[in-house]
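Chemist: Any chance you could fold what I've pasted below:
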Amino acid sequence: MICLEQYRYTIGIWSFYSFMTSVSKNIRRKPRFKSLHNCTHPASVSVLLCICYLLFLLLLNCGDVQPNPGPNKLNYLSFCHINARSILATTDESNSRYYKLDEIESVLCNDFMYDIIAISETCLCPEIEDSILQLENFKRYRNDRNRHGGGVAICIRNTIKCKRRLDLESPNIESLVLEITHQTGNILFSIIYRPPNQDARTKNDFLTYFSDTVQKMRSENPINIIITGYFNDRCTAWDDQHVTSELRRRFFNIAIQNNLSQLINKATHFTENSSHILDLIFVDKVHFVANVDIKSPLCNLDHSSISCKLKYYVPKPQSYQRTIWDYKTADIDGLNNAFNTAHIDIFFGVFNLLDYIIDNVNKFILDTCKTFIINKVVNIRPRDKPWLTNEVRRAFRTRDRYYKLF
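Modeler: Now for the predicted structure:
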């Protein structure tokens, strides 16, 4: 009993043989191809066909090439990191309550639709209840310091199975580690925050704890290790000499020794006179990275949010289309006149089956209504906030375009 792949190989080889044979015959028959006559000698053609067959078999046997390819609509696992500078701040111009949380939910959760949102410098304390940080359809994990600084959090979609790994977290580093269950294996995801202006001993301790944590994570044999966060280690390029970095070249060397690839190579923090890379993303299997991006700052912050897509399929909440009718501006008189003068009974004479009659009557009613009532098709995103209109989205896109130009 042959399997489906073997059947495809057989059909593919036969089709390819027929094609190559016809090509070689046509070349020999056409006078304008006489210059190719030597190349189409039977022996030469046989060698050429053998080479082509081998290449064709390799192509069919390649794991990432589908014999019957379809549209590429894979939803890759996506995550981002944002340095919030106190997630419960209420200092915007409108003095709204927790406006940073609102923008995180509307932009990062609903607009960009990230699966994981890592937040550093949450500035939370254990007395603050989880309900205040509620993001719709997201689970949340926290590691607080106090209301005056520090702290990290991870929000992850309810559809993604995960658990916190306290045994992989170092008590000497502000960090969180999650174990994400994927159909191909487990992924270890971590966020780290390192405060600035540490003394020499504290810096050495951080590097030691960081290296130990990575080695513990590697001992779990995950399919990938992802570490992101705000490291306060200024550099203009990750692979430079780190002359302006607090940790100098040591942090870079530890990442290399632990087989970690750092993905961010553009500035994420800006001042009037300088720009540096402070927010980082590490992975230990870089070939699974599909995309890396640096977004414009949210919430009037001086930090860009960083994001990444990995080649791990996850289900996404889908938007859908709906027809909206503007009844207030409808031409009711024209609509009534159209129905009064319509000969609907004609459908009963044309069609014998009741289903056909109902379908055509319904189509006639809808088409007539579309003529006299203004309507349009809109995209409905179930998780959108009421105020997130198309005008607001266009403003976000305009902001992002200007940010890229800058």
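Chemist: going forward, measure contacts between C-alpha atoms and count neighbours the same way
Modeler: Fine.
Chemist: Quick check: buried residues in stretch 152-159?
Modeler: 152-157 (16 or more other C-alpha atoms under 10 Å).
Chemist: now these as TSV including pLDDT, distance to E105 and secondary structure?
Modeler: Formatted as TSV, the buried residues of stretch 152-159 follow (pLDDT from 0 to 100; distance: C-alpha to C-alpha, whole Å; DSSP: H, G, I helix; E, B strand; the rest coil):
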residue	pLDDT	distance to E105	secondary structure
V152	96	17	strand
A153	95	14	strand
I154	96	13	strand
C155	95	10	strand
I156	95	12	strand
R157	92	12	strand
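Chemist: How about the contacts made by the residue positioned nearest the centre of the chain?
Modeler: Residue closest to the average C-alpha location in the chain (C-alpha atoms, centre = their mean): S78, at 3.6 Å. S78 makes contact with 114-116, 307-310, according to C-alpha atoms under 8 Å, 6 or more residues apart in numbering.
Chemist: Also I332?
Modeler: For I332, the contacting residues are F372, by C-alpha under 8 Å, 6+ apart.
Chemist: Can you give me the distance of it to D367?
Modeler: To D367, I332 is 15 Å away according to C-alpha to C-alpha, to the nearest Å.
Chemist: Confirm that the residue nearest to the centre of the chain sits in a strand.
Modeler: Yes. Applying DSSP: H, G, I helix; E, B strand; the rest coil, one finds S78 inside a strand.
Chemist: What sits closest to it if chain neighbours are left out?
Modeler: Nearest non-adjacent residue to S78, counting by C-alpha to C-alpha, 6 or more residues apart in numbering: K309, 4.3 Å away.
Chemist: Look up the residues forming beta bridges with the one you found.
Modeler: Applying DSSP bridges to K309 gives these bridge partners: S78, N291.
Chemist: I figured it hits A290, correct?
Modeler: Yes. At 5.3 Å, K309 counts as touching A290 under the criterion of C-alpha atoms under 8 Å.
Chemist: Among these two, which residue is more densely surrounded?
Modeler: Taking neighbours as other C-alpha atoms under 10 Å, K309 and A290 compare with K309 leading, 19 against 14.
Chemist: re earlier: relative to K163, which of the buried residues of stretch 152-159 is nearest.
Modeler: I156 (10.5 Å; C-alpha to C-alpha).
Chemist: what about the closest residue to the closest one other than its chain neighbours, distance to D355?
Modeler: Nearest non-adjacent residue to I156, counting by C-alpha to C-alpha, 6+ apart: I116, 4.5 Å away. Between I116 and D355 the computed distance is 48 Å (C-alpha to C-alpha).
Chemist: more crowded one of those two?
Modeler: I116 (23 against 10).
Chemist: show me the contacts for that one.
Modeler: 78-80, 154-157.
Chemist: and if you look at K404?
Modeler: Taking C-alpha under 8 Å, 6+ apart, one finds S296 in contact with K404.
Chemist: now do R145
Modeler: Each residue near R145 by C-alpha under 8 Å, 6+ apart is listed here: 123-126, 151.
Chemist: which stretches of the stretch 51-200 of the chain have low pLDDT?
Modeler: Residue ranges of the stretch 51-200 of the chain with pLDDT under 70: 51-74, 90-98.
Chemist: let's go with 50 and repeat that
Modeler: Along the stretch 51-200 of the chain, segments meeting pLDDT under 50 span 63-65, 67-72.
Chemist: can you pull out the helices in it?
Modeler: Counting by DSSP state H, counting those that start in this stretch, the stretch 51-200 of the chain has helices at residues 99-103, 200-218.
Chemist: okay, the last one in PDB with CA atoms only?
Modeler: Below are the C-alpha coordinates for helix 200-218, written out as PDB (Å, rounded to 0.1, in the frame of the first residue of the first chain):
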ATOM      1  CA  ALA A 200      30.500  47.000  40.300                       C
ATOM      2  CA  ARG A 201      29.600  44.100  42.600                       C
ATOM      3  CA  THR A 202      25.900  44.300  41.700                       C
ATOM      4  CA  LYS A 203      26.800  44.300  38.000                       C
ATOM      5  CA  ASN A 204      29.000  41.200  38.400                       C
ATOM      6  CA  ASP A 205      26.200  39.500  40.300                       C
ATOM      7  CA  PHE A 206      23.700  40.300  37.600                       C
ATOM      8  CA  LEU A 207      25.900  38.800  34.900                       C
ATOM      9  CA  THR A 208      26.400  35.600  37.000                       C
ATOM     10  CA  TYR A 209      22.700  35.200  37.800                       C
ATOM     11  CA  PHE A 210      21.800  35.900  34.100                       C
ATOM     12  CA  SER A 211      24.200  33.200  32.900                       C
ATOM     13  CA  ASP A 212      23.000  30.700  35.500                       C
ATOM     14  CA  THR A 213      19.400  31.400  34.600                       C
ATOM     15  CA  VAL A 214      20.000  30.800  30.900                       C
ATOM     16  CA  GLN A 215      21.900  27.500  31.700                       C
ATOM     17  CA  LYS A 216      19.000  26.300  33.800                       C
ATOM     18  CA  MET A 217      16.600  27.100  31.000                       C
ATOM     19  CA  ARG A 218      18.800  25.300  28.500                       C
END
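Chemist: And that helix, how far out from the chain middle?
Modeler: The offset between the C-alpha centroid of helix 200-218 and the centroid of the whole chain comes to 30 Å, using C-alpha atoms, centre = their mean, to the nearest Å.
Chemist: Quick check: N300 vs F288, distance?
Modeler: 32 Å.
Chemist: Show me which of the two is the more surrounded one.
Modeler: Between N300 and F288, F288 has the larger neighbour count (other C-alpha under 10 Å), namely 14 against 9.
Chemist: The more buried one touches S261, doesn't it?
Modeler: No. Using C-alpha under 8 Å, F288 makes no contact with S261, being 11.6 Å away.
Chemist: Contact partners for S175?
Modeler: For S175, the contact set (C-alpha under 8 Å, 6+ apart) comprises 143, 152, 169, 190-193.
Chemist: Nice, that's everything, thank you.
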